[in-house]
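>>> I need the structure of the sequence given here:
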Amino acid sequence: MTLTSASHLPARSSRIRGVAGFLIAGLLVFGLAGCASKGEGAGQGGNAGDNAKAAGSVLPAAPDDSVDRQRARIRLELASNYFQSGKYDIALEELRQSLLADPNYASAYGMLGLVYMTLGQNDKAGDSFLRALKIAPQDPDLNNSYGWFLCQNGQERASIPFFERAAKNPLYTTPGKPLHNAGVCLRKIGDIRGAESFLLQAFRVDPNSPIAMYNLGEIYLKARDADKARFYSQRLMGNYEANAQMLWLALRIERLRGNQNEQASLEARLRRLYPASPETEKLDQGRYDD
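All right, here's what the predicted structure looks like:
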């Protein structure tokens with residue numbers, strides 16, 4: 001993954017432990033994703049699971065919520081749980097019940113978009129996200145989710161205004177997520193200057209963002225700026241349990257720096273810990289520029 005907003009890293013100490021591999025080879029993502037750190041992360045990025053939590057853990061019911069909205073909230077929570085468990089058919093039924101209870105529930109349409117997106121039913125996913133945004137056009141989670149949907153379906157440029165809208169919402173608690181997602185999307189289409197700008201913004205907002213650090217490391221490595229690349233790589237390695245992608249980045253940086261001892265150490269570590277990884281295959285074939 002291009003560590004885009006998408007998977008989880010194992011935590012080393014006090015933070016939540018996640019699944020190694022927040023970097024998606026090609027694009028992480030969805031900003032829908034968080035990572036667990038040493039001390040908790042895509043990119044999305046993240047992943048669908050994070051968005052499911054966001055959609056399910058909606059704001060507490062307000063005193064003036066209607067009975068129908070309260071019923072819809074309960075169904076949405078159930079749908080979110082089933083979605084995270086991979087029980088997509090049951091999640092869809094719960095969402096149907098949620099929208100029967102409250103046909104104007106934007107969060108339920110957003111969750112529906114995520115389920116359809118996961119199932120590869122992109123027409124239905126796009127329609128669901130747009131219905132959600134028609135009801136709640138400023139909702140940051142919905143804008144971030146729809147932006148990632150566009151990014152994953154060849155509409156990278158069109159995704160940027162949605163990420164920007166999400167990031168600018170003063171009530172959004174994770175503004176770094178749409179920022180690093182925008183960076184990942186622009187990097188995907190070769191707009192390195194634009195990607196760098198968004199990723200640096202994401203890093204300023206969230207200095208522990210693994211997706212921002214990884215992608216900035218890759219950008220500066222390819223620009224042959226060893227000092228900047230090493231800064232982000234070392235910070236990443238210092239905060240997260242190293243996976244194959246992180247080790248591959250770090251050893252290529254040391255190769256650029258001419259530090260043969262450290263490069264050899266990292267190569268041995270990669271082969272020992274991740275012998276069957278694509279990164280080890282590249283190492284064995286000498287494909288350092290891939």
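>>> residue ranges of the helices in this protein, please?
Counting by DSSP state H, the chain has helices at residues 48-56, 67-84, 88-101, 106-118, 122-135, 140-152, 156-168, 176-188, 192-205, 210-222, 226-239, 244-257, 260-273, 278-285.
>>> can you tell me the average pLDDT over the longest one?
It refers to helix 67-84. For helix 67-84, mean pLDDT is 95.
>>> Does that helix pack against any helices or strands, and if so which?
Under the contact definition 3 or more C-beta pairs under 8 Å, 6 or more residues apart in numbering; DSSP states H and E, helix 67-84 sits against helix 48-56, helix 88-101, helix 106-118. Where C-beta positions appear, they are placed from N, C-alpha and C, glycine not excepted.
>>> Go through it and flag the buried ones.
69, 71-73, 75-84 (16 or more other C-beta atoms under 10 Å).
>>> how far does it sit from the chain's center?
Its chain's average C-alpha position is 23 Å from that of helix 67-84, according to C-alpha atoms, centre = their mean, to the nearest Å.
>>> and it with helix 88-101, angle?
170 degrees (axes from the mean of the first three to the mean of the last three C-alpha atoms, to 10 degrees).
>>> for the fifth one, same thing?
Calculated by the same axes, to 10 degrees, helix 122-135 forms an angle of 30 degrees with helix 88-101.
>>> and helix 122-135, how far out from the chain's middle?
Centroid separation for helix 122-135 versus its chain: 20 Å, with C-alpha atoms, centre = their mean.
>>> Report how far apart the opening and closing residues of stretch 203-212 are.
End-to-end span of stretch 203-212 (C-alpha to C-alpha, to the nearest Å): 6 Å.
>>> Isn't R255 up against Y288?
Yes - R255 is in contact with Y288 according to C-beta atoms under 8 Å; the separation is 6.2 Å.
>>> more crowded one of these two?
R255 (18 against 14; other C-beta atoms under 10 Å).
>>> can you count the residues close to E281?
E281 has 12 nearby residues by other C-beta under 10 Å.
>>> Quick check: the gap between it and Q70.
To Q70, E281 is 53 Å away according to C-beta to C-beta, to the nearest Å.
>>> Then F83?
For F83, the distance to Q70 equals 20 Å [C-beta to C-beta].
>>> N259 now?
Distance of N259 to Q70, given as C-beta to C-beta: 60 Å.
>>> just to revisit the earlier point, determine which of the helices and strands packed on helix 67-84 approaches Q201 most closely.
Checking these against Q201 by C-beta to C-beta gives helix 48-56 as the closest, at 19.8 Å.
>>> Just want the phi and psi numbers for G286.
phi 70, psi 30 (degrees, to the nearest 10).
>>> Give me the pLDDT for it.
95.
>>> Over to D290?
Note for D290: predicted pLDDT of 82.
>>> tell me the contacts of it?
Neighbour list for D290: K282 [criterion: C-beta atoms under 8 Å, 6 or more residues apart in numbering].
>>> where does this protein have low pLDDT?
Low-confidence regions of the chain, defined by pLDDT under 70, span residues 1-64.
>>> circling back: export the buried residues of helix 67-84 to JSON lines and append columns for distance to D227.
As requested, the buried residues of helix 67-84 are exported to JSON lines (distance: C-beta to C-beta, whole Å):
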{"residue": "R69", "distance to D227": "54"}
{"residue": "R71", "distance to D227": "57"}
{"residue": "A72", "distance to D227": "53"}
{"residue": "R73", "distance to D227": "50"}
{"residue": "R75", "distance to D227": "53"}
{"residue": "L76", "distance to D227": "48"}
{"residue": "E77", "distance to D227": "48"}
{"residue": "L78", "distance to D227": "51"}
{"residue": "A79", "distance to D227": "48"}
{"residue": "S80", "distance to D227": "43"}
{"residue": "N81", "distance to D227": "46"}
{"residue": "Y82", "distance to D227": "48"}
{"residue": "F83", "distance to D227": "43"}
{"residue": "Q84", "distance to D227": "41"}
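>>> of all the helices and strands packed on helix 67-84, which lies closest to L216?
Nearest of the helices and strands packed on helix 67-84 (C-beta to C-beta): helix 48-56, 21.1 Å.
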